[in-house]
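A.B. asks: mind folding the following:
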Amino acid sequence: MYFLLCFILFIPFILSDFAYDLEKLTLTHKCDLQCTFNHSEITSKTTEFFPTNCETVCGILTFNSNTDMSPSQLKQLFKNLRTLSGGLRFENTNLTNLSVFYEKPGCKFCTDFKFNCKTFGLSVINNSVLKNADIFHKFELETDEQSKECAVRFENNTKLDARDLCEYDPFGKLFSVIFRGNSKDCGCRGDQITADSMKKLRKCSVIFTLNLTNISKFDADFLDLSRIYEVRGLVEIRGTDVTNLSFLKKLEEIRSNNGVTHENVLFNIRDNPNMTTFGMPVLNILSDETKGPFIMNLENLHPDFCLTFHEMIGFLDAQVYFKNIHANYCLDGVSFSESLCQFFNMSSLPEKCTYIYGNVEINAGDEEYVYKLSYVSDIYGSLSIKNTILKDLNFLSRLMYIALLEENRYVIQIISNPFLYKARLPMISVR
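C.D. replies: Below you'll find the predicted structure:
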């Protein structure tokens, strides 16, 4: 009697939750009530109430163990449906494939179906005979406007090969996707890495979040991460004893989400006291998918930690912003040339420098040499113009970046130039 009473009491809570979700759905999407499916699951009985004549439907379409219809019957039911706003749930079904929505005949790569997923997302969970989910490659997702995210979960589908689902559209740009417990998963989770679990990531090429915190190279082999070429999410490397990040030798891309306020640190390297160099040779894409700044932090590393000029050029080209940059420039083995010059003074500066290392100082009497700066695009130091009779700064028309690593020094100083009437630097970006 006790168990029966609990069961009877439990049902109204479920129905109450669904009613709340349905109300939220209709308010969020301003749903047409004539085109809203207001039942909690898809069965042969509830499909009588599905608005089959509507191209755009609001609803939380739940397919489960009670769904007593074949994929072909479901496809017939949804033959006019082109846009769904709400949620999609395939949980504990007997479906072998999910091709139940409209597909344009003869068009393999068309996006045939629009899914406005921002309210309740997509879940594909505990479908023991499911083998094919390729239908989702033909989905176009309408995500949350600010976060650009949808909640997407593929879990415990023991016969589903999900390897390519997170690498291509429509899930290829999402960060909140979860693939876990399928026959083959797409990507790996890197948000809870320990010394013991790191070896499980040996075959991973795409990883969602990379968090290496308080792990010693004596307890774990960091080369277990050497196959990763893309990180989707935040990167934090903190409290380790690594000397550089060369174990991420294949990492090319870090794609992240800076959040609504655009203030998140996306690549955080701090409190690694043995770290003397950066050492990521092929990293070339650092992007925030919400179009905010890509913020990086280099903090509390070895006192001799340094960045190469090539690494800094990469950060500048990627428009990286730094919260802290506790670093010097690496000078060991550097060969200065006509292109990469070291600054001592204007008179000794070569004439066709593109990159200059040092604090560039233009003082009284240096006016005759400023033409030497007409090819310069990057200064790895500071720029000072004092006590000259210059009238303009046209000789710096190609200067794009000034990257100063010294604290307590002005990046640019323009002081006591009485004839200067035009101080425009059209290409400049200060980091």
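
A.B. asks: show me the strands in the stretch 151-300 of the chain, by range?
C.D. replies: Secondary structure of the stretch 151-300 of the chain (DSSP state E, counting those that start in this stretch): strands located at 152-155, 178-180, 188-189, 206-213, 230-238, 253-256, 267-272, 285-288, 294-301.

A.B. asks: using TSV, lay out these together with mean neighbour count, distance to Pro350 and mean pLDDT.
C.D. replies: C-beta here means a position set from N, CA and C on the backbone, and glycine is covered the same way. Shown next, in TSV, are the strands of the stretch 151-300 of the chain (neighbours: other Cβ atoms under 10 Å; distance: least, Cβ to Cβ, whole Å; pLDDT from 0 to 100):
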stretch	mean neighbour count	distance to Pro350	mean pLDDT
strand 152-155	21	55	93
strand 178-180	19	54	88
strand 188-189	20	49	86
strand 206-213	20	42	92
strand 230-238	21	39	93
strand 253-256	21	36	90
strand 267-272	21	35	96
strand 285-288	18	32	89
strand 294-301	20	31	95
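
A.B. asks: kindly reformat those as CSV containing distance to Ser40.
C.D. replies: As requested, these are exported to CSV (distance: least, Cβ to Cβ, whole Å):
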stretch, distance to Ser40
strand 152-155, 19
strand 178-180, 23
strand 188-189, 31
strand 206-213, 31
strand 230-238, 33
strand 253-256, 36
strand 267-272, 43
strand 285-288, 38
strand 294-301, 42
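
A.B. asks: closest one to Asp219 among those?
C.D. replies: Proximity to Asp219 (Cβ to Cβ) singles out strand 206-213 among these, at 11.8 Å.

A.B. asks: partner strands of the closest one and their direction?
C.D. replies: strand 188-189 (parallel), strand 230-238 (parallel) (DSSP bridges).

A.B. asks: nearest to His137, of those?
C.D. replies: Across those, closest to His137 is strand 230-238 (Cβ to Cβ), at 18.0 Å.

A.B. asks: so what touches that closest one?
C.D. replies: 166, 175, 187, 190-191, 205-214, 245, 251-257, 264-272 (Cβ atoms under 8 Å, 6 or more residues apart in numbering).

A.B. asks: could you do stretch 167-187 as well?
C.D. replies: With Cβ under 8 Å, 6+ apart, stretch 167-187 has contacts from 111, 115, 136-137, 139-141, 143, 148-166, 189, 204, 206-208, 232-233, 255-257, 289.

A.B. asks: can you pull up the most central residue in this protein?
C.D. replies: With the centre of the chain defined as its mean C-alpha position, the nearest residue by Cα atoms, centre = their mean is Ser256, 1.9 Å away.
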